[in-house]
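Q: My questions are about this predicted structure, shown below with the sequence.
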Amino acid sequence: MLIDSHIHIALNGIDISHTKEMDNRETKVAWIRKVLRGYKEKGIYILRDGGDAFGFSAIAREIAQEEGMIYRTPVYGLYKKGYYGTFIGKPVMGLEDFQTEFQDLMTQKPDHLKILLTGLVSFEQYGKIGATAFTKKEMSYMKAAAHAQGIPVMVHANGSEGVQRAIDAGVDTLEHGYFMTERELQGLAEKDILWIPTLAPLGNLVDKQDNRFLKELPIIEKTYLHHQNLIRRGLEIGVKIAIGSDAGAYGVPHGTGIFDEMNHMIKAGVGKEKVHEMTYTNGLKALAICPEEIGTLLSGNKNFFYDACGIFWEGK
């Protein structure tokens with residue numbers, strides 16, 4: 001069974017204008033149901049969303065239940081005002097602001113708290129990362145608030161400073177993690193923090209020699225190869241990795257993105273058995289899924305359970 005531990009159902013893998021044009025519930029529901037059924041056709045019944053500011057992922061959780069799927073969402077993420085994150089969530093200025101927003105968020109029953117800690121990876125300057133937003137104190141406070149409510153913490157972070165700040169706070173999953181160092185890898189292993197590296201957004205651009213980023217491709221490829229090296233080293237020292245494709249991001253289609261991510265792991269030198277463990281065993285941990293939920297899923301979908309991973313392997 002496959003689990004995609006990082007998607008954005010609000011995005012279509014091409015253009016954000018698609019998201020902004022769907023400004024009513026009816027059009028959102030139609031899009032979401034189409035996407036979810038596409039996942040089901042490929043044997044993917046378990047998904048974790050990274051959130052959005054437009055209400056898609058909250059609706060997707062409702063529809064997923066109707067479709068006999070397991071769907072986790074933060075509803076929307078939280079980012080620091082003036083920093084990266086406007087598409088994914090709502091801004092907060094400091095801890096007082098966070099307290100108010102977090103109380104409102106909890107009324108919508110998020111499955112996890114999504115925090116946007118740093119910006120994105122630059123395609124134009126190798127190794128450049130968007131600024132780190134929240135302080136150590138703020139990160140620790142937000143993590144503690146989430147854990148007090150019984151929900152895990154999912155953190156978007158890149159670069160040594162941002163990743164170390166997430167580790168120090170004791171978050172549950174690290175998303176992306178580009179340009180971390182050996183120190184942070186050791187920290188992930190020691191604190192048993194799950195890492196979702198999301199190779200596909202860069203790897204797919206490299207594989208397809210995407211015309212939109214032809215000028216930036218040398219930097220993108222160098223960054224992609226560096227990330228593969230981090231993955232290999234992380235596995236050597238015991239970092240637990242789950243498969244998340246970032247499906248919906250440019251160049252990463254829903255439904256097939258997870259297979260792209262698995263293929264990029266294989267290109268990085270990860271064995272098939274280990275990749276399968278990442279997609280299922282570590283995916284269950286990333287989504288905090290209990291055995292009873294899997295039992296309910298299987299009993300309600302007796303006809304769907306085939307070895308999607310086996311079908312993937314046939315072509316590799």
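A: Good, I have the coordinates.
Q: how close does Val239 sit to Val29?
A: Distance, Val239 to Val29, by C-beta to C-beta, to the nearest Å: 38 Å. For the C-beta atoms, the positions are set from N, CA and C on the backbone; glycine is no exception.
Q: what does Glu216 give?
A: Distance, Glu216 to Val29, by C-beta to C-beta: 36 Å.
Q: Likewise for Glu236?
A: Using C-beta to C-beta, Glu236 is found at 45 Å from Val29.
Q: between these two, who's got more neighbours?
A: With neighbours defined as other C-beta atoms under 10 Å, Glu236 and Val29 compare such that Val29 has more, 16 against 10.
Q: Contacts only, for the more buried one.
A: Counting by C-beta atoms under 8 Å, 6 or more residues apart in numbering, Val29 touches Ile59, Ile63.
Q: for the one 3 residues further on, same thing?
A: Neighbour list for Ile32: Ile9, Phe56, Ile59, Ala60, Ile63 [criterion: C-beta under 8 Å, 6+ apart].
Q: Just the residues you listed: which are in helices?
A: Phe56, Ile59, Ala60, Ile63 (DSSP state H).
Q: top of those by neighbour count?
A: Neighbour tally across the ones in helices among the contacts of Ile32 (other C-beta under 10 Å): the maximum, 27 neighbours, falls on Ala60.
Q: pLDDT wise, what is that residue at?
A: Looking at Ala60, its pLDDT reads 98.
Q: Return the member of the ones in helices among the contacts of Ile32 nearest to His254.
A: Using C-beta to C-beta, Ala60 is the member of those that lies nearest His254, at 11.0 Å.
Q: Test my guess that the closest one contacts Asp49.
A: Yes. Using C-beta atoms under 8 Å, Ala60 is in contact with Asp49, at 6.5 Å.
Q: nearest to Gly13, of the ones in helices among the contacts of Ile32?
A: Using C-beta to C-beta, Phe56 is the member of these that lies nearest Gly13, at 13.9 Å.
Q: any idea how far that closest one lies from Leu36?
A: From Phe56 across to Leu36, the span is 11 Å (C-beta to C-beta).
Q: What of Leu225?
A: From Leu225 to Leu36 the distance is 34 Å (C-beta to C-beta).
Q: just Ile241 next, same as before
A: From Ile241 to Leu36 the distance is 25 Å (C-beta to C-beta).
Q: again, but for Gly82
A: Separation of Gly82 from Leu36 (C-beta to C-beta) stands at 35 Å.
Q: quick one: which of these two has more around it?
A: Per other C-beta under 10 Å, whichever of Gly82 and Leu36 has more neighbours is Leu36, with 24 against 10.
Q: doesn't Gln65 make contact with the more buried one?
A: No. Using C-beta under 8 Å as the test, Leu36 is too far from Gln65 to be in contact (10.4 Å).
Q: circling back: any shared contact partners between Phe56 and Leu36?
A: Taking C-beta under 8 Å, 6+ apart as the contact rule, Phe56 and Leu36 both touch Ile9.
Q: What confidence value was assigned to Asp23?
A: Asp23 carries a pLDDT score of 85 in this model.
Q: now Val29
A: Per-residue confidence (pLDDT) for Val29: 97.
Q: for Val121, same thing?
A: At Val121, pLDDT is 98.
Q: ok, it - contacts?
A: Lys128, Ile129, Gly130, Asn158, His176, Tyr178, Phe179, Leu202, Thr223.
Q: phi, psi of it?
A: In terms of degrees, to the nearest 10, the main-chain angles of Val121 are phi -80, psi 130.
Q: Can you list the residue ranges for strands in this protein?
A: Assigned by DSSP state E, the chain shows strands spanning 2-7, 44-49, 70-72, 77-80, 89-92, 113-116, 153-157, 173-176, 194-196.
Q: export those to a markdown table and tack on mean pLDDT?
A: Shown next, in a markdown table, are the strands of the chain (pLDDT from 0 to 100):
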| stretch | mean pLDDT |
| --- | --- |
| strand 2-7 | 96 |
| strand 44-49 | 97 |
| strand 70-72 | 98 |
| strand 77-80 | 98 |
| strand 89-92 | 97 |
| strand 113-116 | 98 |
| strand 153-157 | 98 |
| strand 173-176 | 98 |
| strand 194-196 | 98 |
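Q: so which of those comes closest to Thr296?
A: Thr296 lies closest, by C-beta to C-beta, to one member of the strands of the chain: strand 70-72, at 8.9 Å.
Q: Show me what that closest one is in contact with.
A: With C-beta under 8 Å, 6+ apart as the test, strand 70-72 has contacts from 45-49, 60-61, 64-65, 111-112, 287-289, 293, 297.
Q: Which of the residues you listed are buried, as a PyMOL select command?
A: Burial among the contacts of strand 70-72 is assessed by 16 or more other C-beta atoms under 10 Å; the matching PyMOL selection reads:
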select buried, resi 45+46+47+48+49+60+61+64+111+112+287+288+289+297
